[in-house]
Structures are given as C-alpha cells and as structure tokens.
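[1] Structure, please.
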Amino acid sequence: MSGLPLGLITPGLSANPRVARPWELQATPDQIGAVVTAADRAGYAHLTCSEHVAVPAGAFSSAGTRRGTRYFDPAVSLGWIAAITERILLATHVLVAPYHHPLEVAKTYGTLDVLSGGRVVLGVGVGSLREEFDLIDAPYDDRGPRTDDWLRALRAAWGRSEPVYDGEFYSFSDLVVDPCATTTDPVIRVGGRTPRSLRRALHLGDAWVPFGLRPEEIAAMIERARSTEVWSARRSGFDVILAAEEVDAVGEADRTAERFAELLEVGATVVDVRLRHDSVGELLEQIQAAASLAATIGRG
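    Below you'll find the model as predicted:
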C-alpha cells in the first residue's frame, strides 16, 4: 500500500462492548479469517491482537464493562493468522511486559517470526489492570522501571541463540534459545498514554502507540518530544501509530480522508482503523475502500 499505511484493529480477537459489533462477540474462525485475508490482500501494514489473561467480572470490577472480557491469546491467534496470510505484519497490541520473562517472549515470538517469514512486530506496554497482575503474581508497583529493563533484555535476546544480559530486574547467560527470531533488530512499539510512555518509546522502542488521549493531547506530547535530542536522533526511524475512531470509508469517503489527514497533522505515520459495518460482508467492502483512500494520502 503506497500513501498512508493502515493497520487493522482485528475484529473478533477482542470485543470491547463500546465499539464491537454483535458478530464480534462470537466471531467464528471463518469470519476472522475472511477479514484478515482481505486486509492482507488490500495491502494493510499490520493486524493487531491484544492481551489479557483474565479480566475481572463486572460484579467485581468495572474492567469487564470498560474493556470487554473476550481476548484471544495473541501468540496462538497471530500464529494462526500467519498461516493464512502472506505479507501483512503480525503486531501484538499490546503485550503486558511484566506478565512475561523476556526470554519467554524471545522464544515464543521468535518462533513465530521464523514461521511467518519475519513478520512479527512487538507492541509492548506496562499494563494497568491491578487485579490481573495480582492474579498471575506479577509485580505491579515497579512495572515502569521493570518494563524499561525488560525492553533492554528483549533487545539483547531477540534473534540470538545464546543471549547475554545483566540488568536491574533480568539477567541471563550460558543458555541457548533456539529457534530465535530472523533478525537481531526487533521492531518494538510502546503503548501508553503518558509522557513517560513516549519517552520510553523514543529511548527503547521504534514506535509509540498512544491510546485514550485526545488528538490535542497527543499533538502536545509530540511537540514537546520534538525538542529533545533523542527525537532528533530517532525521528527518521520512529513511528507514531494513531487510532482512527470508527470511520465509514464507503458511505463517508470524504470525511474518512479528512480524518486520515487530521491524524497525519497530529503526528501519525501509521493509522489503525476501526471500520463502520453491520456484517462481515460490509466490513470486507470497508477494508478495500479505506485502503484505496489511504493510498491517495501522502505522509509528507
């Protein structure tokens, strides 16, 4: 896809009750497969899959109401998607770093990288759902600095069969991880909604994936970051991936193109889309229409 790269927030792999269509709540493999192969053929840059192990029920916490409770496992889901697609990147969106040892991720997603022909993109975040941290006995209060060390450790391990690292929270040596990823340069996207998450992305990642922020808040954070030395050093190879709220590329093509242009103005280099539809058939039409619109928009 030339022009503005699009990612697809993969329907069916999670089901946020605020935005999901009814079919997504019980999406079948055939339906999900039709969507992801359509995005692959249309030239989308990546597909996403989120991570939650167990979300507290609504009676216990508002998390189930706010986030939804249906979350397909990302490693299994992206492995299946890799088998039915050809070129589209496979992006975790996002893994919660403190839930995993870096070598676990290097092995699991390194294996997927080998089997998919080098298509893995690691979206990573610090996490925020305390009940889930407690459930799996993951440390919560130091999750920020722990994630920073995790990212350094992951870079040291990615694509290396005999990784070595000695950090604040993670250390390893004298062991073999085989298979390992196809390169020693992972693509890491850092999710978050704070200035610290943007700093983490600039220092330790390759992209920032903000969420839950107004466009003007994102623009202000990016503007402040532009004055830093690390921005100047990384900008040519650094992406900002912004989500477009639900768009109708078929019925409101002009407005959709305007929305894409607005996100570029905010600072996006890649746009993740949710597409208005009432059936899988309509979604397939929207996927192609959005790709055609994005191809006409330059990134500047």
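[2] Quick check: the nearest residue to residue 144 once chain neighbours are set aside vs residue 214, distance?
    Take residue 144 and drop its neighbours on the chain: the residue closest to it by Cβ to Cβ, 6 or more residues apart in numbering is residue 126, 5.6 Å away. Where you see a C-beta, it was placed from the backbone N, CA and C, and this is true even at glycine. Using Cβ to Cβ, to the nearest Å, one gets 21 Å for the distance from residue 126 to residue 214.
[3] Between those two, which is the more surrounded one?
    residue 126 (24 against 9; other Cβ atoms under 10 Å).
[4] what's near enough to touch the more buried one?
    Going by Cβ atoms under 8 Å, 6 or more residues apart in numbering, residue 126 touches 96-98, 143-144, 147, 192, 197.
[5] can we see that at 6 Å?
    For residue 126, the contacting residues are 143-144, 147, by Cβ atoms under 6 Å, 6 or more residues apart in numbering.
[6] Closest one of those to residue 32?
    Ranked by distance to residue 32 (Cβ to Cβ), those are led by residue 147 at 29.6 Å.
[7] Start from the N-terminal end of the stretch 51-200 of the chain and give the strands.
    89-92, 95-96, 120-125, 165-166, 171-172, 188-192 (DSSP state E, counting those that start in this stretch).
[8] partners of the fifth one, with directions?
    Its sheet considered, strand 171-172 pairs with strand 165-166 (antiparallel) by DSSP bridges.
[9] And the contacts of the strand it pairs with?
    Strand 165-166 is contacted from outside by 153, 156, 172, using Cβ under 6 Å, 6+ apart.
[10] Residue 157 versus the last one, what's the distance?
    As judged by Cβ to Cβ, residue 172 and residue 157 stand 7 Å apart.
[11] Pick out whichever of the two has more residues nearby.
    Remark: of residue 172 and residue 157, residue 157 carries more neighbours, 28 against 19, as counted by other Cβ under 10 Å.
[12] State the distance from the more buried one to residue 234.
    Applying Cβ to Cβ, one obtains 22 Å for the distance of residue 157 from residue 234.
[13] who's in contact with the nearest residue to residue 192 once chain neighbours are set aside?
    Excluding its sequence neighbours, the residue lying closest to residue 192 (Cβ to Cβ, 6+ apart) is residue 125, at 6.0 Å. For residue 125, the residues meeting the contact criterion (Cβ under 6 Å, 6+ apart) are 94, 191-192.
[14] which one of the strands of the stretch 51-200 of the chain lies closest to residue 240?
    Residue 240 sits nearest to strand 188-192 of all the strands of the stretch 51-200 of the chain, at 9.9 Å, using Cβ to Cβ.
[15] Identify the residues contacting that closest one?
    Counting by Cβ under 6 Å, 6+ apart, strand 188-192 makes contact with 94, 122-125, 197, 200-201, 205-209, all of which sit outside it.
[16] In JSON lines, list the contacts of strand 165-166 along with pLDDT and distance to residue 221.
    Putting the contacts of strand 165-166 into JSON lines (pLDDT from 0 to 100; distance: Cβ to Cβ, whole Å) gives the following:
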{"residue": "153", "pLDDT": "99", "distance to residue 221": "26"}
{"residue": "156", "pLDDT": "99", "distance to residue 221": "28"}
{"residue": "172", "pLDDT": "99", "distance to residue 221": "34"}
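[17] one step back: closest one of the contacts of residue 126 to residue 289?
    Compare each of the contacts of residue 126 with residue 289 using Cβ to Cβ and the shortest gap goes to residue 147, at 37.7 Å.
[18] I'd like to know the average pLDDT value across stretch 213-228.
    For stretch 213-228, the per-residue pLDDT values average out at 94.
[19] likewise stretch 31-48?
    Confidence for stretch 31-48, expressed as mean pLDDT, is 98.
[20] now swap in stretch 175-192 and tell me
    98.
[21] so how far does it reach from one end to the other?
    Across stretch 175-192, the straight-line distance between its terminal residues is 33 Å, by Cα to Cα, to the nearest Å.
[22] returning to what we had before: wait, which of the contacts of residue 126 is closest to residue 9?
    residue 147 (22.6 Å).
[23] so that closest one sits right up against residue 97, yeah?
    Yes. With contacts counted by Cβ atoms under 6 Å, residue 147 reaches residue 97, the gap being 4.3 Å.
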